[in-house]
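J.: Here you go, sequence then predicted model.
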Amino acid sequence: MNKTLLTILFLGSCLQASFGQDIQNNPGSNHGNKFEQLGTILNTPNEQRTASGAPGVKYWQQRADYDIKCNLDEQNLQLTGAEKITYFNNSPDVLTYIWLQLDENEHSNINNANYQSSSKMPEIATTKSIDREIDAASTIDNGNGVSILKITDALGKNIKYTVNKTMMRVELPVPLKSGQQFVFNVNWKYKITDRLTLGGRGGYEYFPEDGNYLFTMTQWYPRLCVYSDFQGWQNHQFTGRGEFALTFGNFKVQMTVPADHVVGGTGECINYSAVLTPAELAKYNQSKTAAEPVEIVTLDQAKKAEVAKSKATKTWVFQANNVRDFAWTSSRKFIWDAMGQKIDGKTVMCMSYYGKEAYNLYRNYSTKAVAHTVKTYSHFTFPYPYPVAQSVEASNGMEYPMICFNYGRTEKDGTYSETAKNGMLGVIIHEVGHNFFPMIVNSDERQWTWMDEGLNSFVEYLTEELWDNKFPTKKGAAYNIVDYMKLPKDELEPIMTNSENITRFGPNAYTKPATALNILRETIMGRDLFDYAFKAYANRWAFKHPTPADFFRTMEDASGEDLDWFWRGWFYGTDACDISLDTVKFAKADVDSKIPASKTRMVKIAPPMVNSFDDISKVRNRDDKSIQFYTDKDKATQDFYWRYDRGLEKYDAATEHKQETASPFEALSSEDQSKYAGKFFYELSFSNKGGLVMPVIVEFTYTDGTKKIDRIPAQIWRHNEQHASKFYVQDKEVASIRLDPMRETADIDESNNTWGGKAQTSRFELFKQKAAAARGQSVGINPMQNVKGTL
């Protein structure tokens, strides 16, 4: 067992043992834990993966090319396929067997992964729920899952193989040495399942109103597992939760389907001239340069096809290069529209497929959202390298190279709610965005879900913000994760938790990492440093297999920021941010020795975030005059809801507090009277009640109504992780103080963030130090000796 694997196993055992507690180097101390370097928690740098986070000079990865022919039998709901696989061993190792994934076995009650969870009798039983439980418990084969017909070598000789649940080991006739390739053939078939009944990412949806099917063909062929430098074979069973680790390669796929079906798939169709009518082909070519989506297959055509139901077949041929997977869709129900989007001088065909049930939403928004997504993600990462990006309305959300499946249907009468529209836009942006993470930056989803879902959710957030400055995005803004962060510790797990063991999957794998990255960008690093480092990571690991250490190291290496404290707190721990403003001490340097009478005044304090749309990113985007939002550029996207929301921006809510001050000072010398005249002195004391070290953001509101924000870096906690204080000299009197006014830090308790009442006056003792003339000490301020007083 190599050192890297030992490190990974050690980390896993630590996380299990501590159940999300911080991994501490100095337990029992009030400092020296949260700011320690991650050290051996990360895998050891080597010639494959450097300490800078970049691929090393001896980095390698495997490759698998596929030539597939398949037949979709709509009448019998069965898929039959034959594939020729060419496997390239680019590793330095000699291989005696290879592993393939049989994901469709998740629907088999015999060969599924058998990861069981606790279950109870339902309070309200349904026929579907009971049938599902009976099916899962039955020892009689339900007929689902992959049936391997034969596996042969290039000469047709049978090869020995073993199916272990959702994985298949193929034993090589002779050892495969470094630099060699192995060609073999696999023939298989399986029963296509009802996706809405049995679940899963692929299958069919049946529409009883018109008697038609919509097929989403995903994880549909036996495909290679990843063999890597840091793990060997990634052959962990597919439970339906943790997604995929896949090998890059080139695909040629021939799909024989009913002749009236419209097919979309990974890559480019290379025989449109054979499967489209001349009119359809002309409209497809027209769409390449169109400013608006062009309907290649119209609503009227789709409605007619639903009734006719052809018995003939057609074969569509697709080619896709340098992709990790291949998925496709087929239905006679589809309307199909397209338009070209220029990316780095090349045209990307942005296309959508949808039934009449989604027409009024998808026709107006889907393809435009696809185009906006590939353009925006390209800005934050690298130019989109593929020729196609497609959105398919299939009443779900799932991603594959160049194609994704989304939801977004209207009501029966064609109307839709604002929630339906925004949900559709969000899922399209998210799933199309997955082309970048993990389809190109190809992390191991089964081990680290956050590396694709979290990073993608973060760039989704940026993309939604640039679609419409009032888009109600759910992932990214810090205040949206507060309800999760304030849960009891025994209900939380670190972001680094293995996918199969996460209990609250959405907040842990999607929202919390997206929030963490947005906090890095807006609050800790700043946009310029963050964007440069994030782009460096994306470019370094495009078409490669990164690990968390590669991401963490690159972000630090490219920015010059030590972020180990941040990774430790946000990714390896479960502590929350709760910074309390405990005390405010105040003094004023008056020019005479008399104590003025107490003064009382009323001040107004705006409540935090009365408009939930105004997170810090929205405010900065709105203030950046170089940014033009998609809905501002394209008037066609400004529907009723867009116009209505424009009246919901400003609120007048306010809170009143009393402020009392007094300033007893001893008489000062004439020199000091001039030096400190009119100055106001404040000492703010903070406590870290949540345990997560974070920056302290202090907003001062002065008695004249003006405001100023001071951003104290998180390193203020490095010598004492529980308590900190800061002394201020102000030119104006402070009326109120608020911590984290824009809710940037995910503080779980805002009730201890404000001061707007009475500050007990402190006695500052200003004095001249009487030091030896030879030491030449100057006039100074004694740092508030023997000062008492709290809020």
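T.: Perfect, I can see it now.

J.: so what's residue 193 up against?
T.: Counting by Cβ atoms under 8 Å, 6 or more residues apart in numbering, residue 193 makes contact with 107, 144, 200, 203, 204. Heads up, the C-betas are built off the backbone N, CA and C, glycines and all.

J.: quick one: it and residue 142, what's the gap?
T.: 10 Å (Cβ to Cβ, to the nearest Å).

J.: Residue 524 and residue 694: what is the separation?
T.: Using Cβ to Cβ, one gets 9 Å for the distance from residue 524 to residue 694.

J.: mind listing the strands for the stretch 1-150 of the chain?
T.: Under the criterion DSSP state E, counting those that start in this stretch, the stretch 1-150 of the chain contains strands at 63-73, 78-88, 95-101, 146-153.

J.: Would you mind grabbing the residues shared as contacts by residue 193 and residue 142?
T.: residue 107.

J.: Now do the same contact list for residue 250.
T.: 65, 66, 319, 320, 321, 322, 323.

J.: before we move on, the earlier item: how about the strands of the stretch 1-150 of the chain in JSON lines, adding mean neighbour count?
T.: Below are the strands of the stretch 1-150 of the chain laid out as JSON lines (neighbours: other Cβ atoms under 10 Å):
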{"stretch": "strand 63-73", "mean neighbour count": "19"}
{"stretch": "strand 78-88", "mean neighbour count": "19"}
{"stretch": "strand 95-101", "mean neighbour count": "19"}
{"stretch": "strand 146-153", "mean neighbour count": "17"}
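
J.: With respect to residue 486, which of those lies nearest?
T.: When the strands of the stretch 1-150 of the chain are compared by Cβ to Cβ, strand 95-101 sits nearest residue 486, at 38.7 Å.

J.: State the paired neighbours of that closest one in the sheet, together with their directions.
T.: When pairs are called by DSSP bridges, strand 95-101 turns out to pair with strand 167-176 (antiparallel), strand 223-224 (antiparallel).

J.: Just want the angle from the first one to strand 146-153.
T.: Spelled out, that is strand 167-176. In terms of direction (axes from the mean of the first three to the mean of the last three Cα atoms, to 10 degrees), strand 167-176 departs from strand 146-153 by 10 degrees.

J.: Beyond strand 167-176, next helix or strand please.
T.: Counting by DSSP states H and E, the next helix or strand C-terminal to strand 167-176 is strand 181-191.

J.: neighbouring strands for that following strand, and are they parallel or not?
T.: strand 78-88 (antiparallel), strand 146-153 (antiparallel).

J.: Return the distance of it from the chain's centre.
T.: 34 Å (Cα atoms, centre = their mean, to the nearest Å).

J.: Now the terminal residues of stretch 374-388, how far apart.
T.: 10 Å (Cα to Cα, to the nearest Å).

J.: and what of stretch 508-521?
T.: Stretch 508-521 end-to-end distance (Cα to Cα) = 19 Å.

J.: Just confirm residue 302 is within a helix.
T.: Yes. Assessed by DSSP: H, G, I helix; E, B strand; the rest coil, residue 302 belongs to a helix.

J.: got the contact list for it?
T.: 332, 333, 334, 335, 355, 356.
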